[in-house]
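S.K.: mind looking at a prediction? Sequence and model below.
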Amino acid sequence: MRLVRLTLVSLLAAATLLSGCDGNDPSGPADVAPDGYLYVANQADNTIFVYETPGLMRVDSFPAMVNQPHCLELSHDGEYLYVVGRTSPGQFAKFSLMDNSFVDSAIAGDDLFPTMIMVSMDGSTGYLCDFTDPTKPGKIHRYNLATMTFVDSVIAAGSATHDLRMTSDGKVMLAANFGTDNITFVYTEDDTVAFVDVDPDNPAPPGSPRCGPYGLAIDHNDSLAYIACRLSHEVRVLDLATRQIIDSIPIPVQGSSSLHGPTLMAISPDDRTLYVTTQLENTVAVVDLISRTVMSEIELGVSRPFGICIDRSGTRCYVACVNSENPAQDRTGRIYVIDGVSQALVDSVDAGNNSYGLIWRPAEGSPHGGH
């Protein structure tokens, strides 16, 4: 299959794309994107921006109440938003989605460098990972979300854990361990764990990863997990039932550093398409999961795409671009919208400084749509 790299020029008129809040491209599909809200974490100015979708009209902004907000997660009942700060001591905050009001915050620990939180199905427990020392065994840290207090750190992980994902029934949680080239399976009912090397034929010594598992996505059948490997520039495919790596999907990149490799991912509701951000490549790779090949690369006008999410219909995919992290340069982040049918850019809007994580929720109903 011929790989097509899509450019901004071929997708949108430059003047339209670089305007402050752009209208939807009328050439988009007939399918109507569901109404909802997009929450964006702006790491450099410690704010959360809220956009009404699909039109990308900003309707709210508020202080993140943590330093360097990096990622966002929703409770399964659609009542709360959790914001994780990326600096040590780690901190995360809780907001009511009824009016985006601050509820409480918790200190995650002096030595903790959290990047992701997962919420249990009943909303009572939060699991935080730790992205610090890549040479030492790590832990997953558990918190009582009702009282916003620390519970324990009994769950073992690999080192430099960046991402966490949970199956739709909440019984299995995966952790991507960048420093130890493996994935932790956490069975939440009894806190047992298992470890799977992402390159089982050539396991890396601790602290010297060759693949660098960084981001995770689980399909909607809870059968397969996809692992973004930043160092080896590929997405590995993991069978959840057998805990076996069954395939690898090369992600074409031109640069050689870890920041050029695949970063975070979003999977379409029909499990046919995987969207993968590549920071210094300034692209989103679109993967056909039936053939497990990259169909196209979508180039973005603002650098360092990072966070990515998709609405529950698969009609719109949203991408957050960090832009420069140099304080002397323009750090205005930007949000891009990809049409889930044509795979074309159809909208974009400026955000705050260094926009990292983002998450979409429907205007009504469960934010996870069963996942």
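M.R.: Now that the structure is in, tell me what you want to look at.
S.K.: any low-confidence regions in this protein?
M.R.: Scanning the chain for pLDDT under 70 picks out the ranges 1-31, 365-366, 368-371.
S.K.: what about the helices in it?
M.R.: Secondary structure of the chain (DSSP state H): helices at 8-11, 14-17.
S.K.: partners of Cys309 in the sheet?
M.R.: Note on Cys309: beta-bridge partners by DSSP bridges are Tyr318.
S.K.: so what's it up against?
M.R.: By C-beta atoms under 8 Å, 6 or more residues apart in numbering, the residues touching Cys309 are 38, 266, 317-318, 358-360. Placement of C-beta: from N, CA and C, glycine included.
S.K.: reformat those residues as a markdown table; add distance to Asp111 and neighbour count.
M.R.: Formatted as a markdown table, the contacts of Cys309 follow (distance: C-beta to C-beta, whole Å; neighbours: other C-beta atoms under 10 Å):
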| residue | distance to Asp111 | neighbour count |
| --- | --- | --- |
| Leu38 | 33 | 26 |
| Ala266 | 31 | 23 |
| Cys317 | 36 | 23 |
| Tyr318 | 33 | 26 |
| Leu358 | 28 | 26 |
| Ile359 | 27 | 21 |
| Trp360 | 33 | 22 |
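S.K.: which one of those residues is nearest Arg165?
M.R.: Ala266 (11.4 Å; C-beta to C-beta).
S.K.: so who does the closest one touch?
M.R.: Ala266 neighbours (C-beta under 8 Å, 6+ apart): 217, 274-275, 308-310, 317.
S.K.: just give me the neighbour total for the closest residue to Asp45 other than its chain neighbours.
M.R.: Counting by C-beta to C-beta, 6 or more residues apart in numbering, Asp45 lies nearest to Asn353, which is 4.4 Å off, once chain neighbours are set aside. For Asn353, the neighbour count with other C-beta atoms under 10 Å is 19.
S.K.: what sits against Asn353?
M.R.: Contacts of Asn353 (C-beta under 8 Å, 6+ apart): 42-45, 323, 331-333.
S.K.: bridging residues for it?
M.R.: Listed by DSSP bridges, the beta-bridge partners for Asn353 are Thr332.
S.K.: go on, the one 5 residues further on?
M.R.: For Leu358, the residues forming beta bridges with it (DSSP bridges) are Val40.
S.K.: my guess is it meets Glu73, correct?
M.R.: No. Leu358 is beyond contact range of Glu73, at 11.3 Å (criterion: C-beta atoms under 8 Å).
S.K.: if we can go back for a sec, what's the distance between the residue nearest to Asp45 and Asp181?
M.R.: From Asn353 across to Asp181, the span is 33 Å (C-beta to C-beta, to the nearest Å).
S.K.: how close does Asp199 get to Leu264?
M.R.: For Asp199 relative to Leu264 (C-beta to C-beta), the value is 20 Å.
S.K.: looking at the two now, which is surrounded by more residues?
M.R.: Leu264 (27 against 19).
S.K.: ok, the spatially closest residue to that one that is not a sequence neighbour to Gly90 distance?
M.R.: Nearest residue to Leu264, sequence neighbours excluded (C-beta to C-beta, 6+ apart): Gly215, at 4.1 Å. With distances taken as C-beta to C-beta, Gly215 is found 19 Å from Gly90.
S.K.: run a quick neighbour tally on the closest residue to Phe195 other than its chain neighbours.
M.R.: In space, and not counting its chain neighbours, Phe195 is closest to Asn182: 5.0 Å by C-beta to C-beta, 6+ apart. By other C-beta under 10 Å, the residues close to Asn182 number 27.
S.K.: from Pro114, how far off is Asn182?
M.R.: For Asn182, the distance to Pro114 - C-beta to C-beta - is 19 Å.
S.K.: what do you get for Pro206?
M.R.: Distance check for Pro206 against Pro114: by C-beta to C-beta, it reads 20 Å.
S.K.: try Gly340
M.R.: Distance, Gly340 to Pro114, by C-beta to C-beta: 31 Å.
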